[in-house]
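**Student:** Pasting the sequence and the predicted coordinates here, then a few questions.
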Amino acid sequence: NAGVTQTPKFQVLKTGQSMTLQCAQDMNHEYMSWYRQDPGMGLRLIHYSVGAGITDQGEVPNGYNVSRSTTEDFPLRLLSAAPSQTSVYFCASSYFLAGVRETQYFGPGTRLLVL
Amino acid sequence: DAKTTQPTSMDCAEGRAANLPCNHSTISGNEYVYWYRQIHSQGPQYIIHGLKNNETNEMASLIITEDRKSSTLILPHATLRDTAVYYCIVRVPNAGNMLTFGGGTRLMVKP
């Protein structure tokens, strides 16, 4: 298993540009999520999905869109990049075994710089 | 999710046990305690979780007080590679409830 993969690893954007951060998992996990981490801070939830076709907002959703057309993929779209979106973005997937166990598996992150 | 309080930073000598405390005084009966860690520039890594009983796995032990208002993560023989930020998270594991990460404890393991 490759686990959770993210592309690209690094990206530089100009203000106003759009782009899509890719996330894929090969563990057949139903639940996927996107977090951002600013320097010296903890992770903040952007959007999450509990299954194909179902998404919902997290703590900081503004400026980002998501969709979940397949179980494997959960792309994050920046519609019009702003310097405030400079951050490290982590994708995660998880499984739920009712009441007993749930762990999240994180990707390696995408480092985004918006000029 | 219940709020957690952790020290900002801790030091530990290599080879000694690292004991990382977490206060969660408002925890409710169906909330679990989870621990994750994040080594520099990497994605967070699951360590261990528990409800009320003490738990142990190949990475660490989790000690939860009888009233469940606090817990301690124990790394029995800390190595330099255990230097990381450790997050204590309290939540109910259900379908729509994703992890909320706070500031965590920055553990520095020193030679």
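**Tutor:** Nice, thanks for sending it over.
**Student:** Spatially nearest residue to the residue nearest the centre of chain A (excluding sequence neighbours)?
**Tutor:** Centrality entry for chain A: nearest residue to the mean C-alpha point is A:W34, 2.6 Å, by C-alpha atoms, centre = their mean. Leaving out its chain neighbours, the residue that sits closest to A:W34 by C-beta to C-beta, 6 or more residues apart in numbering or on different chains is A:I46, at 4.4 Å. All C-beta atoms are positioned from the backbone trio N, CA, C, and that covers glycine.
**Student:** how about the one you found, secondary structure?
**Tutor:** What DSSP: H, G, I helix; E, B strand; the rest coil gives for A:I46 is strand.
**Student:** got a list of what it touches?
**Tutor:** By C-beta atoms under 8 Å, 6 or more residues apart in numbering or on different chains, the contact set of A:I46 is A:S33, A:W34, A:Y35, A:R36, A:G58, A:E59, A:V60, A:P61, A:Y64, A:V66, A:L76, A:Y89.
**Student:** what's the pLDDT at the second one?
**Tutor:** pLDDT for A:W34: 95.
**Student:** ok, residues contacting whatever helix or strand it lives in?
**Tutor:** For A:W34, the host element (DSSP states H and E) is strand A:31-37. For strand A:31-37, contacts defined as C-beta under 8 Å, 6+ apart pick out A:21, A:23, A:25, A:43-51, A:58, A:60, A:64, A:66, A:68, A:74, A:76, A:85, A:87-96, A:104, A:109, B:95, B:98-99, B:101.
**Student:** Repeat that for stretch B:56-75.
**Tutor:** Contacts for stretch B:56-75 (C-beta under 8 Å, 6+ apart): B:12, B:17-25, B:27, B:33, B:35, B:47-55, B:76, B:82, B:86, B:88.
**Student:** from chain B, which residue is nearest to chain A?
**Tutor:** Proximity of chain B to chain A (C-beta to the nearest C-beta) peaks at B:G43, 3.0 Å away.
**Student:** Can you tell me the closest non-neighbouring residue to that residue?
**Tutor:** Distances taken as C-beta to C-beta, 6+ apart put A:F106 closest to B:G43, at 3.0 Å, once the chain neighbours are dropped.
**Student:** Spatially central residue for chain B, please.
**Tutor:** Using C-alpha atoms, centre = their mean, the residue of chain B that lies closest to the mean C-alpha position is B:W35, 3.5 Å off.
**Student:** pretty sure that one is touching B:V90, no?
**Tutor:** No: counting by C-beta atoms under 8 Å, B:W35 does not reach B:V90; the two are 10.5 Å apart.
**Student:** How much space separates B:D11 from B:S70?
**Tutor:** 21 Å (C-beta to C-beta, to the nearest Å).
**Student:** Show me which of those two is the more surrounded one.
**Tutor:** The residue with more neighbours, out of B:D11 and B:S70, is B:S70; 18 against 11, by other C-beta atoms under 10 Å in any protein chain shown.
**Student:** And the more buried one, how close does it get to B:Q6?
**Tutor:** Taken as C-beta to C-beta, the span from B:S70 to B:Q6 is 10 Å.
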